[in-house]
Structures are given as structure tokens and as C-alpha cells.
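Engineer: Below are the sequence and a predicted model for it; my questions follow.
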Amino acid sequence: DSGVTQTPKHLITATGQRVTLRCSPRSGDLSVYWYQQSLDQGLQFLIQYYNGEERAKGNILERFSAQQFPDLHSELNLSSLELGDSALYFCASSVGGADSPLHFGNGTRLTVT
Amino acid sequence: AQRVTQPEKLLSVFKGAPVELKCNYSYSGSPELFWYVQYSRQRLQLLLRHISRESIKGFTADLNKGETSFHLKKPFAQEEDSAMYYCALKGPYNTDKLIFGTGTRLQVFP
């Protein structure tokens, strides 16, 4: 499958901990986006990278950070976790540019206990 | 501020009935709008975009700038149309981020 790959699929951790979510974009895609989907919430845009550089920032908490590596994969780091951080975290990728659609991964379900 | 509103969380219809999923947006510039769909156990995927003026799986969506709407329509719903539908607005020109609505779940009963 040459689509967007996210690992792990599920993650259960305790409050105060730190986790890293990983995303491999589609082959050839330069842009990576991170979204958070909480219960009863739509997809909240967190951050976008394009070819290793931060391109746009949304409602991303200071406890969260991300980066895109030279091989274009991306990691989302969530620290000092709170119960409210429990959510589905989606990664998407695109070629980049105004008309290019986003291709989504299956998401990582994070549960903070 | 840029915002996408989908007022209906759930829309239930019978097979063969017309469907309209509502989407309203708030954007000061010239908007680029999309509909994404997520079928059960599948990834979120692009359904259609307004600049293409296309019909995908029988669905169409017309941008109405006067009403700031981009409603998704299909004249005759099919059971396989049951899914979660998200309306999305592209951010400022110098970014490619998408701003999503909260989604509408469409249930088509036989």
C-alpha cells in the first residue's frame, strides 16, 4: 500500500506521559498535515509541513510539537498528556499546491487514562 | 475568521429519496471548497471539489457565494452512500490547510 501510513494504530498511555505518532506520506507527496478529531468534534487542523519546513499552524497546543524529516516522514509529539488529549489523530499528505487533494491515513487512536 | 458549518449531525433518508447535505462557510476571499467522505472502516477521501464542477457517484455541489453555501446533493440516494461527509474550506493562498466542518452522517435505509 503506497498510501499514507500511520503508526501506531492505537496507543494507551497515562496522564503526564509523552508519546510520538508517526506518519509516512504517499510516495511523491511533499506536504504533511496533522489533524485531531475528538468526540463530537470535527477535524481540527494542527499543523502542516512542506518539504521539511513548517507551512501553517492551527490550534496546536504548546505541549504538542511536530517535525518533518528529510525523508519526508513526520512525527507528532504530544507531551504532558491530559485526559482531554484522547482523540483520533490523522495525518494527511498531498503533492502540495492549491488544487492538490489531501490523502488521509487511517489515524492513530490515542487514549489517555 | 474562516469557518465551515455543517448544521446536521445526522441525516436519514430512504433509498431513492433525494439528499442534500448542508454546508455553509465563512471566508473573506475567494473560497475553494471540497467534500470529503468516510465510508465505514475506510479512510477519509476526497469526494469532489467545487473548481472541478464534476459529479462523483451521482453527487454534485454548487458554490453559492451569495448564500456562502456549498451544499452536497444527490437526486436518488443509494444504501452505499451511507457514510460520514465532511465539508472543507481551503485556507489562505500561501497555505494548503483544509478547515473541516464537524461532519454529517448520512444513513440511507433500504
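Structural biologist: Alright, I've got the coordinates.

Engineer: Every contact and neighbour count from this point should use C-alpha atoms.
Structural biologist: Will do.

Engineer: bridging residues for the closest residue to B:L10 other than its chain neighbours?
Structural biologist: With sequence-adjacent residues excluded and distances taken as C-alpha to C-alpha, 6 or more residues apart in numbering or on different chains, B:L10 is closest to B:R105, at 4.7 Å. Per DSSP bridges, the residues bridged to B:R105 are B:L10, B:M84.

Engineer: And B:A1, how close does it get to chain A?
Structural biologist: Counting by C-alpha to the nearest C-alpha, to the nearest Å, the gap from B:A1 to chain A is 12 Å.

Engineer: Check whether that residue really touches B:Y25, as I assumed.
Structural biologist: No. Using C-alpha atoms under 8 Å as the test, B:A1 is too far from B:Y25 to be in contact (10.0 Å).

Engineer: neighbour count winner among these two?
Structural biologist: Higher neighbour count among B:A1 and B:Y25: B:Y25, with 23 against 5, using other C-alpha atoms under 10 Å in any protein chain shown.

Engineer: Could you pull up the residues touching that one?
Structural biologist: B:Q2, B:R3, B:V4, B:T5, B:T68, B:S69, B:F70, B:L89 (C-alpha atoms under 8 Å, 6 or more residues apart in numbering or on different chains).

Engineer: Next one: the residue nearest to B:L10, what pLDDT does it get?
Structural biologist: Here the pLDDT value assigned to B:R105 is 96.

Engineer: so where is the chain shaky, pLDDT-wise?
Structural biologist: All of this is about chain A. Low-confidence segments of chain A (pLDDT under 70): A:1-2, A:98.

Engineer: other chain: chain B
Structural biologist: In chain B, residues with pLDDT under 70: B:92-95.

Engineer: So which residues on it come close to chain A?
Structural biologist: For chain B, the residues in contact with chain A (C-alpha under 8 Å from any C-alpha of the partner chain) are B:42-46, B:93, B:95-103.

Engineer: what's the closest of these to A:W34?
Structural biologist: Lowest distance from A:W34 to the residues of chain B next to chain A (C-alpha to C-alpha) belongs to B:K97, with 9.6 Å.

Engineer: How about the contacts made by the spatially closest residue to A:N59 that is not a sequence neighbour?
Structural biologist: Spatial nearest neighbour of A:N59, chain neighbours left out: A:L46 (5.5 Å); criterion: C-alpha to C-alpha, 6+ apart. Shown in contact with A:L46 (C-alpha under 8 Å, 6+ apart): A:Y33, A:W34, A:Y35, A:Q36, A:K57, A:G58, A:N59, A:I60.

Engineer: where do the helices sit along chain B?
Structural biologist: For chain B, applying DSSP state H gives no helices.

Engineer: all strands of chain A, in order?
Structural biologist: A:5-7, A:10-13, A:19-24, A:31-37, A:43-50, A:53-57, A:64-68, A:74-78, A:87-94, A:103-104, A:108-112 (DSSP state E).

Engineer: Revised request: answer the last question for chain B.
Structural biologist: Counting by DSSP E, chain B has strands at residues B:3-5, B:10-14, B:19-21, B:24-26, B:33-38, B:45-49, B:60-61, B:72-74, B:83-90, B:98-100, B:104-109.

Engineer: and the direction of the last one versus that of strand B:10-14, what angle?
Structural biologist: Going back to what we said before, that points to strand B:104-109. Between strand B:104-109 and strand B:10-14, the angle comes out at 20 degrees (axes from the mean of the first three to the mean of the last three C-alpha atoms, to 10 degrees).
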